[in-house]
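*Asks:* Need the 3D shape of this:
(4 chains)
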There are 2 protein chains.
Amino acid sequence: MSISIYDVARTAGVSVVTVSRVLNNSPTVREKNRERVLAAIKELDYQPNAAAQSLAKGRTGTIGVVIPSLDDSFMMRVLAGTEAILRERGMYLILSVISEDEPLDESNCVKLFTEGRVDGILILKPLENEPYIMELKKRDFPFVLLDQHHADRQIATVMVDNVNGGYQATKKLIDSGAGIIAHIKGSPAYQSSHERYEGYKKALMEAGIPLREEWVAQGHFSMESGYTITSDWLAKGRKPDAVFAADDNIAFGAIDAIKQHGLRIPEDIEVIGFDDHPFSATLFSGITTVRQPAEALARNGIELLLAMINGEAKRNPAILLEPELVIRSTTR
Amino acid sequence: MSISIYDVARTAGVSVVTVSRVLNNSPTVREKNRERVLAAIKELDYQPNAAAQSLAKGRTGTIGVVIPSLDDSFMMRVLAGTEAILRERGMYLILSVISEDEPLDESNCVKLFTEGRVDGILILKPLENEPYIMELKKRDFPFVLLDQHHADRQIATVMVDNVNGGYQATKKLIDSGAGIIAHIKGSPAYQSSHERYEGYKKALMEAGIPLREEWVAQGHFSMESGYTITSDWLAKGRKPDAVFAADDNIAFGAIDAIKQHGLRIPEDIEVIGFDDHPFSATLFSGITTVRQPAEALARNGIELLLAMINGEAKRNPAILLEPELVIRSTTR
DNA sequence: CTGAAAGCGCTTACAG
DNA sequence: CTGAAAGCGCTTACAG
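*Replies:* Here you go, the predicted model:
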């Protein structure tokens, strides 16, 4: 507002070009002048104006993060990781929440880059693909898809190996001797729901256990869903030996229902969730789950994105991260 | 990058000034020209450059939101509300996470406004006051404190009436005939912890019930805390008639502990939490809690902030919002 | 109602 | 190693 680079130049006795060089860590500044400039900056408490820098440089130093929900512990972990990494680098984060049903195209997410507010976008939207991706691609704007597969292999993506996660969870249940292993699927709009189900089927098939569709329920990522479906089974006298829930919320609901029906966990029914929700280590004495590598997802995503922004094309823009089975008290 | 206001002016056959007027909804543009400009904008798929606009206008159209954690359902509700309101207004949100112990002064939060990246800041930091507030005040930069009292009555604040919330919760327990009403306090750094405790004491006093310090435990806002403290009491053979937990996380932990000790809720022990966590409506058949007005907090905060940015000084910059007792199954 | 000019606060070639 | 000049893409008074 008030004090500008000209003020600094004047009190340091150099030109604004030199001040700019000091600001941008250019090596071609005489040490004495650098010190003078630094002293003037400190004396005047000068901060360069971000808008002017952005306009002149063509870089904003901020990244857009598009996220479908602020009510999902996994996504919050990714968001927190992203924010922390950007902060370390002196960059900023513009948050854009796009609800599940709202098309990205019509949101302010598009304006985020057409107005040049951000240098790149991280899209954490594990939903079905949408036309906006093609729009971004067409405009050749840097973006990375997090937790979302895309048919176009050219598009930069960082994903979690949900199939393997589902496989590991189910295999653990098979190994512990469970006969009937039920599965409660997540929201159909999420790719991860299908992938975890694939892993479930794969483990069953590998063990020679036939898939029994009557033990696969279509749920969604919520506690209510796990509670309702499990209660339903139990009320009808149908008792599985184990439940693989597509996420921890579902698992919490399932466990709640099982306990209310007077059954014990893991003695009567084993339960495994997915995510490693903050509550999972404690609630119900700690639940067994498949921990998602949220921080790694954030870090890989940012690094890929920054590389793209800097024009460093990566050879393989598709990264697959492995989740990890965390065994606690809801399995044998 | 490529197409600018000059391109639009050329194809519309007017000057850039006229284009700028159309962009900014100035009424002094001949209808025919307005249409031409709009047509040219559409034809060229033009979007004004945000950095240039910010620089020329001295307004960025973005607000900074400072938040201590992304792992708190109440704060996430406030954040989601804030984002939605800003989106409606075509504004943007820069997210800055400042962890509990990290001093705000040294964070990028200060650069947020010294660099002119935002027009104002919403500080959701219900912690003890810190010097940065004086810094903001001194620079006369628009900011609003959310959920935080401040001694300086000139500072704009929007708060939740935690004292009343604690009072209502405790009164409910007294009314249902509970004899020993224990209280598990929240993290000491949070003002809300003390305020809810005040409400607890007030209700007790009003009912002529002596405060028994042995039934007040210093916890922190987490499930572990509620679990550990409650387990401890029960293990020692100390059974309260009711527990007022300073938040729902603590309540979840307390309930978990009570059930593990083979006691029934609410028959043996009643429990009330605070917040209305997303799980609270479902888990354990739904817990009784004090719902915080998160959306109202966000809306009031933004409106106050925007008024300040626009130079409209409010008469009374301190708003107090009332929480609401939500009765579910963990009380009688 | 419209436009020429100056300015917002920086950085980037280009000379020296 | 340093600085004068032009430019980044808009908007704001000021004349007309």
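*Asks:* Do a quick rundown of the helices in the stretch 51-200 of chain A.
*Replies:* A:73-88, A:108-114, A:131-139, A:162-175, A:191-206 (DSSP state H, counting those that start in this stretch).
*Asks:* Could you pull out the buried residues of the shortest one?
*Replies:* In terms of neighbour count (16 or more other CB atoms under 10 Å in any protein chain shown), helix A:108-114 has its buried residues at A:Asn108, A:Cys109, A:Val110, A:Lys111, A:Leu112, A:Phe113, A:Thr114. The way it works is simple: take the backbone N, C-alpha and C, and place the C-beta from them, glycine included.
*Asks:* ditto for the last one
*Replies:* Residues of helix A:191-206 classed as buried: A:191-197, A:199-204 (neighbour count, 16+ other CB under 10 Å).
*Asks:* again with stretch A:48-68
*Replies:* Quick answer for stretch A:48-68 (16+ other CB under 10 Å): A:48-55, A:60-68.
*Asks:* which of those are close to chain B?
*Replies:* Counting by CB under 8 Å from any CB of the partner chain, A:Pro48, A:Asn49, A:Ala50, A:Ala51, A:Ala52, A:Ser54, A:Leu55, A:Thr60, A:Thr62 from these sit close to chain B.
*Asks:* Serialize those residues to a markdown table and add fields for pLDDT.
*Replies:* Output for these, formatted as a markdown table (pLDDT from 0 to 100):
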| residue | pLDDT |
| --- | --- |
| A:Pro48 | 95 |
| A:Asn49 | 96 |
| A:Ala50 | 96 |
| A:Ala51 | 96 |
| A:Ala52 | 96 |
| A:Ser54 | 96 |
| A:Leu55 | 96 |
| A:Thr60 | 96 |
| A:Thr62 | 97 |
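*Asks:* of all those, which comes closest to DNA strand D?
*Replies:* Checking those against DNA strand D by CB to the nearest atom of the strand gives A:Leu55 as the nearest, at 3.9 Å.
*Asks:* Quick check: closest non-adjacent residue to the closest one.
*Replies:* B:Ala51 (4.2 Å; CB to CB, 6 or more residues apart in numbering or on different chains).
*Asks:* what sits against that neighbour?
*Replies:* A:Ala51, A:Ala52, A:Ser54, A:Leu55, A:Thr60, A:Gly116 (CB atoms under 8 Å, 6 or more residues apart in numbering or on different chains).
*Asks:* And stretch A:13-23, what's buried?
*Replies:* A:Val14, A:Val16, A:Thr18, A:Val19, A:Ser20, A:Arg21, A:Val22, A:Leu23.
*Asks:* roughly how far apart are the nearest residue to A:Ser329 once chain neighbours are set aside and B:Val144?
*Replies:* Spatially, and ignoring its direct neighbours in sequence, A:Ser329 is nearest to A:Ser285 (4.2 Å; CB to CB, 6+ apart). Going from A:Ser285 to B:Val144 by CB to CB, to the nearest Å gives 42 Å.
*Asks:* In terms of neighbours, single out the busier of those two.
*Replies:* Comparing A:Ser285 with B:Val144 by other CB atoms under 10 Å in any protein chain shown, the one with more neighbours is B:Val144, at 26 against 13.
*Asks:* who are the neighbours in contact with that one?
*Replies:* B:Gly120, B:Ile121, B:Leu122, B:Ile123, B:Ala156, B:Thr157, B:Val158, B:Gly301, B:Leu304, B:Leu305, B:Met308.
*Asks:* Next: A:Asn164.
*Replies:* If you count contacts by CB under 8 Å, 6+ apart, then A:Asn164 has A:Gly199, A:Glu322, A:Pro323 around it.
*Asks:* Please repeat the previous calculation with a cut-off of 10 Å.
*Replies:* Residues in contact with A:Asn164 (CB atoms under 10 Å, 6 or more residues apart in numbering or on different chains) are A:Glu195, A:Arg196, A:Glu198, A:Gly199, A:Lys202, A:Ala203, A:Val290, A:Leu320, A:Glu322, A:Pro323, A:Leu325.
*Asks:* Also A:Met159?
*Replies:* Here A:Met159 is in contact with A:126, A:145-150, A:191-192, A:195, A:297, A:300, A:318-321 (CB under 10 Å, 6+ apart).
*Asks:* distance of the spatially most central residue of chain A from DNA strand C?
*Replies:* Centroid-nearest residue in chain A: A:Val78, 4.1 Å away (criterion: CA atoms, centre = their mean). Distance, A:Val78 to DNA strand C, by CB to the nearest atom of the strand, to the nearest Å: 31 Å.
*Asks:* next one: A:Ser222
*Replies:* 48 Å.
*Asks:* Isn't that residue up against A:Gly186?
*Replies:* Yes - between A:Ser222 and A:Gly186 a contact is recorded at 9.2 Å, counting by CB atoms under 10 Å.
*Asks:* quick one, what contacts the residue nearest to A:Ser329?
*Replies:* A:Ile265, A:Arg328, A:Ser329, A:Thr330, B:Tyr227, B:Asp256, B:Gln260.
*Asks:* Let me see the confidence value for the residue nearest to A:Leu146 when sequence neighbours are not counted.
*Replies:* Closest residue to A:Leu146 apart from its sequence neighbours, by CB to CB, 6+ apart: A:Leu124 at 4.4 Å. For A:Leu124, the pLDDT comes out at 90.
*Asks:* And for the one 5 residues further on?
*Replies:* Note on A:Asn129: pLDDT of 58.
*Asks:* For the stretch 151-300 of chain A, which residue gets nearest to DNA strand C?
*Replies:* Counting by CB to the nearest atom of the strand, the stretch 151-300 of chain A gets nearest DNA strand C through A:Ala156, at 24.9 Å.
*Asks:* give the contact list for that residue.
*Replies:* A:120, A:142-146, A:150, A:300-301, A:304-305, A:307-308, A:313-314, A:316-319.
*Asks:* I figured A:Leu44 hits A:Leu38, correct?
*Replies:* No - using CB under 10 Å, A:Leu44 is not in contact with A:Leu38, being 11.2 Å away.
*Asks:* Show the contacting residues for A:His150.
*Replies:* So A:His150 contacts A:Asn129, A:Ile133, A:Lys137, A:Ala156, A:Thr157, A:Met159, A:Gln191, A:Ala318 (CB under 10 Å, 6+ apart).
*Asks:* Okay, it and DNA strand D: tell me how far apart.
*Replies:* In terms of CB to the nearest atom of the strand, A:His150 sits 30 Å off from DNA strand D.
*Asks:* Repeat that for A:Ile3.
*Replies:* Relative to DNA strand D, and taking CB to the nearest atom of the strand, A:Ile3 is found at 18 Å.
*Asks:* now do A:Ile302
*Replies:* Taking CB to the nearest atom of the strand, one finds A:Ile302 at 26 Å from DNA strand D.
*Asks:* Quick check: residues of chain A near DNA strand D?
*Replies:* Proximity of chain A to DNA strand D, by CB under 7 Å from any atom of the strand, involves residues A:14-18, A:21, A:27-30, A:32-33, A:52, A:55-56, A:58.
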